[in-house]
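Engineer: Based on what follows, work out the 3D shape:
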Amino acid sequence: MRLSIGTILLILCGFAVQAQTRQDDWTDITRDQVDRVLLTQRGARLLDDSRFKWAHAQTQHFVIHYERKMFAVKVARQAEFFYEFIARDLGSAQDRMTNRSHIFIFRDSRDWNHFLSEYQIKTEWAFSLVEGMVMYLQQADSTRDSADVLGHEMTHLVFNRFYRGRMPTWLNEGTAEWYGEFAYSAFKGIKKSKRQVFRRIPQVYPVERLLTMSVYPTDLREVRAFYDTSKFLVGFLQLNFPDNKFEPFLAEMTTGVSVEDALKRHYGFNSIAEFEAAFRRFAR
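Structural biologist: Numbers count the residues shown, from 1 in each chain. Predicted coordinates:
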C-alpha cells in the first residue's frame, strides 16, 4: 500500500507523540504510593507539612510534589528531558540510583521564604536548591526563567545520582550554570550560540581562591561574580578543548584529587597560574 507524504508525516508525528508520552510518563499517585527511599530527612518533614496541600505524581526518574498541576506537568516534562540531556553529555558515567528523586515545587516567594526560615536553610539568598536526591524548586516569574532554574538544579541532582564523591563548588555551580543556559534551548529545539554567551564576563572572581573554595562567598556582592566566573571557567574548558575531556575531568574531581593535578592531566596546564592566564584571555 502506498501512502501520501502527508499521511507518512502524520504517522511519524503520531509515533513521536507516543514516544514523548512514554518519556514523560506522568502518573498521578497517592501519598501512600510515594517512593520515599531517596527522601532526605528535610524532605520527609516537608512532605508532612500541613501548610502545603501536596498532590503527587511520578515520572521515570522523579516524584513530583506540587499544588498547581499545570505548572507541575511542565516541570515533569522538562525534568525528564534535562535529565537525559545532561546524562548524554556525561558519556560513560552511569546513574547509580534505581529509585526516584524528588522535586518539591513551591508556588510563590511566600511559601519559599517559609521553607527557608522554618527549615533552617543557611543559603538564604538561594532561589531554589538541591539536597542529596531532593530538589526544592521555586516557580519563577516566567516559563523561561523557571526552565533555566530547573536546568541549573537538575545538573546538581544528576551529579548526585551519577557520582559518589563531592564535586568542587566552582565546578558544580559552573556546570549547573552551563546547563541552565543551554538546556531549555535544546528542549525547545533552538540552536543557541555558545560563543555568543561567553563573549565577556562582567567581573572575574579571584580564580585561585575560587578553585579551592568549599563554601559560598559570605559577601552577597561577591556571589554573582562567583557564579559568573565559575560559569565562564566551565565555558572555557567546554569550548576550547575536545568534548571528550570534560567528563573525565568532572569524574576525577569528585575523587578528591587536586584541581592542579586534574588540570594538568586532562588539559595540559602545568600550573594554576598558567590556567588562569589562559582563562583571562578567554574571558576578556
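
Engineer: Nearest spatial neighbour of Leu239, chain-adjacent residues omitted?
Structural biologist: Among residues not flanking Leu239 along the chain, Lys194 sits closest, at 6.0 Å (Cβ to Cβ, 6 or more residues apart in numbering). Using the backbone N, CA and C atoms, a C-beta is placed for each residue, glycine as well.

Engineer: ok, Ile105 touching Ser146?
Structural biologist: No. If you go by Cβ atoms under 8 Å, Ile105 and Ser146 don't touch, sitting 9.5 Å apart.

Engineer: Give the residues shared as contacts by the two.
Structural biologist: Taking Cβ atoms under 8 Å, 6 or more residues apart in numbering as the contact rule, Ile105 and Ser146 both touch Phe71, Val75, Gln139.

Engineer: List just the nearest of those residues to Ala57.
Structural biologist: Of all those, Ala57 sits closest to Val75, with 10.0 Å by Cβ to Cβ.

Engineer: ok, that closest one - how many residues close by?
Structural biologist: Close neighbours of Val75, defined as other Cβ atoms under 10 Å, add up to 24.

Engineer: re the thing from before, can the shared contacts of Ile105 and Ser146 go into JSON lines with extra columns for pLDDT and secondary structure?
Structural biologist: Formatted as JSON lines, the shared contacts of Ile105 and Ser146 follow (pLDDT from 0 to 100; DSSP: H, G, I helix; E, B strand; the rest coil):
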{"residue": "Phe71", "pLDDT": "95", "secondary structure": "helix"}
{"residue": "Val75", "pLDDT": "97", "secondary structure": "helix"}
{"residue": "Gln139", "pLDDT": "95", "secondary structure": "coil"}
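
Engineer: Looking at these, spot the one nearest Thr123.
Structural biologist: Of all those, Thr123 sits closest to Gln139, with 18.7 Å by Cβ to Cβ.

Engineer: Am I right that His65 falls within a helix?
Structural biologist: No. Looking at His65 with DSSP: H, G, I helix; E, B strand; the rest coil, it is strand, so not inside a helix.

Engineer: contacting residues for it?
Structural biologist: Leu46, Leu47, Phe52, Trp54, Ala55, His56, His102, Ile103, Phe104, Ile105.

Engineer: now the shared contacts of Ile105 and Ser146 in CSV, with distance to Val259?
Structural biologist: Shown next, in CSV, are the shared contacts of Ile105 and Ser146 (distance: Cβ to Cβ, whole Å):
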residue, distance to Val259
Phe71, 39
Val75, 34
Gln139, 36
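
Engineer: which one of these is nearest Ile190?
Structural biologist: When the shared contacts of Ile105 and Ser146 are ranked by distance to Ile190 (Cβ to Cβ), Val75 comes first, at 19.5 Å.

Engineer: before we move on, the earlier item: quick one: which of Ile105 and Ser146 has more around it?
Structural biologist: Between Ile105 and Ser146, counted using other Cβ under 10 Å, Ile105 has the larger neighbour count: 24 against 21.

Engineer: Could you tell me which residues make contact with the more buried one?
Structural biologist: If a contact means Cβ under 8 Å, 6+ apart, then Ile105 has Ile64, His65, Tyr66, Glu67, Arg68, Phe71, Ala72, Val75, Leu137, Gln139 as its contacts.

Engineer: Wait, the first one touches Val75, no?
Structural biologist: Same thing as Ile64. Yes. Contact criterion Cβ under 8 Å: Ile64 and Val75 qualify, at 6.5 Å.

Engineer: Find the residues that touch each one of the two.
Structural biologist: Contacts common to Ile64 and Val75, judged by Cβ under 8 Å, 6+ apart, are Ile103, Ile105.

Engineer: quick one, strands of the chain?
Structural biologist: Counting by DSSP state E, one finds strands in the chain at the ranges 27-29, 55-58, 62-66, 101-106, 129-131, 134-138.
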